[in-house]
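K.L.:
Predicted model and sequence below, questions to follow.
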Amino acid sequence: MSDTLITIVAIFLAAILMFIFPLLSVSERSDDISELAVQSATTEFVDNARATGKITMENYSDLVATTHATGNTYDIEMEVKVLDENVGKKSAWTQGVVIGENIYYSVYTSQILEAIQNSDTGVYTMKEGDIFSVSVKNTNKTLSQTIRSVFYSISGNDVYSIAAQATGVVTATGSY
């Protein structure tokens with residue numbers, strides 16, 4: 001009886017070692033490749049917007065298409081921190097130097113997309129000094145996440161394995 005039990009345990013362990021761990025390794029590499037593609041697309045999108053001072057629907061659609069080409073679904077969050085120059089009482093207008101406080105207010109994804117769709121040109125313009133950031137996270141559960149959750153009991157809605165972020169200061173004022 002004990003030989004049979006040991007044989008069953010040995011077969012079970014062999015199956016895990018021969019099939020499950022290689023599958024986990026391959027699926028984690030797939031997630032790494034997806035993350036690299038998403039990070040590259042996000043960085044390219046932010047750099048283009050920073051250099052031109054514009055967020056266009058075409059560029060946003062390219063970002064969405066590139067990220068979804070990895071076979072996963074993503075939540076793309078954009079934020080523009082708009083520089084609102086609040087000139088103080090002390091200033092030296094003759095020298096072009098303004099002494100005062102610079103305040104940023106934020107414009108988020110839904111507002112940006114609404115502005116793009118409502119504009120005649122399909123462009124959201126930014127000005128020099130604004131800060132543009134994009135955050136991308138996967139919303140579906142990948143194969144590696146599923147396998148890890150079986151073995152490590154990781155669960156929850158906030159668990160994601162593919163994420164990318166890019167932020168930068170706008171260097172050019174966009175024009176139509």
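P.N.:
Perfect, I can see it now.

K.L.:
okay, CA-based contacts and neighbour counts for the rest of this
P.N.:
Will do.

K.L.:
isn't Val169 right next to Ile131, touching?
P.N.:
Yes - judged on CA atoms under 8 Å, Val169 makes contact with Ile131 at a distance of 4.5 Å.

K.L.:
per-residue confidence for the residue nearest the centre of the chain?
P.N.:
Centroid-nearest residue in the chain, with CA atoms, centre = their mean: Val136, separated by 1.9 Å. pLDDT for Val136: 96.

K.L.:
That one and His68: what is the separation?
P.N.:
Distance, Val136 to His68, by CA to CA, to the nearest Å: 11 Å.

K.L.:
what sits in contact with each of these two?
P.N.:
Tyr74 (CA atoms under 8 Å, 6 or more residues apart in numbering).

K.L.:
packing partners for the top helix by length along the chain?
P.N.:
In the chain, with assignment by DSSP state H, the single longest helix is helix 21-52. On a contact count with 3 or more CA pairs under 8 Å, 6 or more residues apart in numbering; DSSP states H and E, helix 21-52 meets helix 57-68, strand 131-138, helix 143-152, strand 163-169.

K.L.:
So which of those is the most surrounded?
P.N.:
Using mean count of other CA atoms under 10 Å, the stretch among the helices and strands packed on helix 21-52 with the largest mean neighbour count is strand 131-138, at a mean of 21.

K.L.:
any weak-confidence spans in the protein?
P.N.:
1, 86-101, 153-160, 176 (pLDDT under 70).

K.L.:
try it again with 90
P.N.:
1-6, 9-28, 30-31, 83-105, 118-122, 129, 140-162, 172-176 (pLDDT under 90).

K.L.:
what's the distance between Thr131 and Pro22?
P.N.:
Rather than Thr, residue 131 is Ile. Counting by CA to CA, the gap from Ile131 to Pro22 is 43 Å.

K.L.:
rewinding a little: isn't the residue nearest to the centre of the chain right up against Ser161?
P.N.:
No - at 11.0 Å, Val136 does not count as touching Ser161 under the criterion of CA under 8 Å.

K.L.:
Ramachandran angles for the closest residue to the residue nearest to the centre of the chain other than its chain neighbours?
P.N.:
Leaving aside its sequence neighbours, Val136 sits nearest to Ile76 (CA to CA, 6 or more residues apart in numbering; 4.6 Å). Per-residue torsions, Ile76: phi -110, psi 120 (degrees, to the nearest 10).

K.L.:
do Thr109 as well
P.N.:
According to degrees, to the nearest 10, Thr109 has phi -50, psi -50.

K.L.:
do Ile103 as well
P.N.:
The phi/psi pair for Ile103 (degrees, to the nearest 10) is phi -120, psi 140.
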